[in-house]
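>>> Sequence and computational prediction follow.
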Amino acid sequence: MFIPQFLHFIVLINDTIVAVSTPPGRGGIGVIRISGENSVSLARCLFAQTDSSLVHARASLRNLYHPREKFLIDQAVVTYFQSPQSFTGEDVVELSCHGSPVVLTCLIDELLNLGARSAEPGEFSFRAFINGKLDLSQAEAINDIIDAKTFAGMRQAARQISGELSFSLFPIKGDLLDLIVLFESSIEFVEDDLDNLESLKIQQLLSRLILSVEAFTNSYHTGKLLKNGVTVTLAGYPNVGKSSIFNSLLGSERAIVTHVPGTTRDLISETFSLDGIPVTLVDTAGIRESLDIVESLGIERTRRAFVDTDILLIVLEAGKSISDDEENLLREVAGIPHCIVINKIDVGENSREICSRFEETGNIVEVSALTNYGINKLKQAIIQQVTTDLRLSQSEVLITNARQHDLMRRSFDYLRHAQVSLTEHLGDEIVVINLQNALKCLDEMTGATTVEEMLGEIFSKFCIGK
Ligand SMILES: Nc1nc2c(ncn2[C@@H]2O[C@H](COP(=O)(O)OP(=O)(O)OP(=O)(O)O)[C@@H](O)[C@H]2O)c(=O)[nH]1
Ligand SMILES: [Mg+2]
């Protein structure tokens with residue numbers, strides 16, 4: 001029978017799986033994880049016959065032997081977790097060996113010979129989900145914490161692993177369920193028509209629910225930011241000091257700086273962390289009319305970089321008025337969130353023209369890349385541009401992936417439809433269908449109701465051994 005890739009491990013859930021859970025290569029320790037009903041008997045094939053039996057949640061130092069040829073392979077700390085008190089909910093044995101690829105490969109080969117199967121990517125977490133040890137948002141957060149690029153991203157993922165997202169959804173789902181029951185009973189028992197007071201209460205409850213779901217939906221902006229970060233691109237006329245600012249922000253002499261206009265020809269990008277947010281900073285070729293073929297190609301790339309950026313830092317030079325080229329650039333990027341950076345403030349005054357021109361928007365920062373004056377202020381301006389309320393990331397549980405966001409947004413839409421149907425008296429049946437759909441979306445967030453195809457997609461993104 002042909003089994004689609006994503007259903008492979010769903011079908012073969014009863015066998016015992018094995019994988020190396022630590023990264024490839026040499027290291028202090030390499031961990032082999034075995035999960036399934038034969039875990040203990042498989043592990044015991046590696047022990048000396050006289051070795052004592054495994055005790056739940058106790059680590060013990062053991063010699064591991066080749067099962068057929070009986071030579072010693074390694075000494076390892078062996079830990080056993082008895083079903084259901086394990087990560088996967090099944091019997092799990094972990095062999096913490098020396099981190100040698102040869103040792104690990106030899107042991108894995110022998111465990112496979114003895115009848116274990118190589119785990120698929122994410123299969124340990126999938127089994128934990130199937131056995132009720134984790135809900136879907138917790139399982140996704142395991143991947144997030146492994147992939148976390150920043151401290152803030154790690155904190156968010158840790159909160160989701162502990163189940164905070166699911167926990168925050170409970171009251172919303174509870175209220176939604178109450179509403180559904182109320183409407184269903186009013187449909188079933190016509191004489192139980194809702195009186196005015198009850199109608200008002202329902203309207204209020206529905207408005208509250210909409211606000212809560214909307215807040216979750218909107219939190220994706222910050223959640224995505226903490227997880228994936230932002231792209232910040234420097235733009236401006238040649239020689240205004242873009243590469244110098246690039247280096248100052250990074251705190252390293254990454255880009256070449258000279259007094260020759262047109263020094264930077266290609267895009268240069270580096271990633272750094274700004275208050276816990278991963279920032280990809282891009283230096284570009286200065287924009288001007290150029291007959292030089294290399295410079296023109298660089299300018300073309302600069303323009304393409306504008307499309308992919310989240311924020312532009314438009315660099316102007318202190319003491320100079322805005323040139324025609326700069327006017328064109330300002331027009332070109334008018335729709336992109338940006339911040340005006342006046343560089344070389346050590347040698348020139350910020351011109352009155354620039355001050356009055358950008359006074360309204362307020363996003364001007366004066367810096368000197370030469371002396372580092374104003375660079376911290378520029379960092380703050382970037383953060384402010386990125387998110388108006390970073391405190392949110394510290395105090396709230398956020399939606400951090402596209403799947404969760406899509407479900408939240410759909411739930412929000414259904415609730416709004418329910419509200420409109422209610423105010424326009426389109427009938428209780430229509431209201432209740434919308435409420436049920438809204439609840440279904442929230443259930444899918446944690447995997448209470450999820451199609452198999454979706455499960456395959458989520459878990460296949462995990463690495464092997466997780
Ligand atoms: N006095 C002063 N000079 C600066 C400052 N920032 C940069 N410069 C000088 O300005 C010149 C150009 O600097 P770059 O950083 O290469 O300018 P750029 O905008 O990257 O130039 P292109 O790559 O040609 O587009 C260099 O000689 C820098 O030393 C500053 O804040 N003050
Ligand atoms: Mg440059």
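On my side now, so go ahead. Ligands and ions are numbered 1, 2, ... in the order given.
>>> Residue 410 belongs to a helix?
Yes. Judged by DSSP: H, G, I helix; E, B strand; the rest coil, residue 410 forms part of a helix.
>>> burial of it, as a residue count?
For residue 410, the count of nearby residues is 18 (other Cβ atoms under 10 Å). (C-beta placed from N, C-alpha, C; glycine too.)
>>> contacting residues for it?
Counting by Cβ atoms under 8 Å, 6 or more residues apart in numbering, residue 410 makes contact with 437, 438, 441.
>>> Tell me how many other residues surround the second one.
Residue 438 has 28 neighbouring residues, counting by other Cβ under 10 Å.
>>> That one reaches residue 415, doesn't it?
Yes. Using Cβ atoms under 8 Å, residue 438 makes contact with residue 415 at a distance of 4.9 Å.
>>> who touches both of these two?
Joint contacts of residue 438 and residue 415 (Cβ under 8 Å, 6+ apart) are residue 213.
>>> ok so, going back, which one of the contacts of residue 410 sits closest to residue 295?
The closest of the contacts of residue 410 to residue 295 turns out to be residue 441 (Cβ to Cβ; 51.5 Å).
>>> For the closest one, give its distance to ligand 2.
For residue 441, the distance to ligand 2 equals 48 Å [Cβ to the ion, to the nearest Å].
>>> Can you verify my assumption that that residue contacts residue 404?
No. Taking contacts as Cβ under 8 Å, residue 441 lies outside contact range of residue 404: 10.0 Å.
>>> Any chance of a markdown table for the contacts of residue 410, columns secondary structure and pLDDT?
Listed next are the contacts of residue 410 as a markdown table, based on DSSP: H, G, I helix; E, B strand; the rest coil; pLDDT from 0 to 100:
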| residue | secondary structure | pLDDT |
| --- | --- | --- |
| 437 | helix | 93 |
| 438 | helix | 95 |
| 441 | helix | 93 |
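>>> of those, closest to residue 201?
residue 438 (18.3 Å).
>>> residues contacting that closest one?
Counting by Cβ under 8 Å, 6+ apart, residue 438 makes contact with 176, 213, 410, 411, 412, 414, 415, 418.
>>> Let me see the contact set for the fourth one.
With contact taken as Cβ under 8 Å, 6+ apart, residue 411 is in contact with 213, 437, 438, 439, 441, 442.
>>> Roughly how far does it sit from residue 178?
From residue 411 over to residue 178 the distance is 16 Å, taken as Cβ to Cβ, to the nearest Å.
>>> Test my guess that residue 39 contacts residue 93.
Yes. Using Cβ under 8 Å, residue 39 is in contact with residue 93, at 4.6 Å.
>>> Which residues are in contact with each of the two?
Common neighbours of residue 39 and residue 93 (Cβ under 8 Å, 6+ apart) are residue 80.
>>> elements contacting the top helix by length along the chain?
Counting by DSSP state H, the longest helix found in the chain is helix 196-228. In terms of contacts (3 or more Cβ pairs under 8 Å, 6 or more residues apart in numbering; DSSP states H and E), helix 196-228 is packed against helix 151-161, helix 164-188, strand 277-283, helix 391-395, helix 402-423.
>>> Show me the one of these that comes nearest ligand 1.
strand 277-283 (6.8 Å; Cβ to the nearest ligand atom).
>>> in that closest one, what's buried?
Neighbour-count burial for strand 277-283 flags 277, 278, 279, 280, 281, 282, 283 (criterion: 16 or more other Cβ atoms under 10 Å).
>>> May I see these organised as JSON lines, with distance to ligand 2 added?
Output for these, formatted as JSON lines (distance: Cβ to the ion, whole Å):
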{"residue": "277", "distance to ligand 2": "24"}
{"residue": "278", "distance to ligand 2": "23"}
{"residue": "279", "distance to ligand 2": "19"}
{"residue": "280", "distance to ligand 2": "17"}
{"residue": "281", "distance to ligand 2": "13"}
{"residue": "282", "distance to ligand 2": "12"}
{"residue": "283", "distance to ligand 2": "6"}
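>>> In terms of distance to residue 17, which of these ranks first?
Lowest distance from residue 17 to the buried residues of strand 277-283 (Cβ to Cβ) belongs to residue 278, with 33.4 Å.
>>> Contact partners for the closest one?
Residue 278 makes contacts with 149, 150, 153, 228, 229, 230, 271, 272, as judged by Cβ under 8 Å, 6+ apart.
>>> let's see it at 10 Å
148-150, 152-153, 225-231, 271-272 (Cβ atoms under 10 Å, 6 or more residues apart in numbering).
>>> Over to residue 333?
Contacts for residue 333 (Cβ under 10 Å, 6+ apart) come out as 233, 235, 287, 303, 306, 309, 312, 314.
>>> is any part of the one helix or strand the fourth one maps to close to ligand 1?
Element membership for residue 303, per DSSP states H and E: helix 293-308. No. Interface with ligand 1: helix 293-308 contributes nothing (Cβ under 6 Å from any ligand atom), its closest point being 9.0 Å away.
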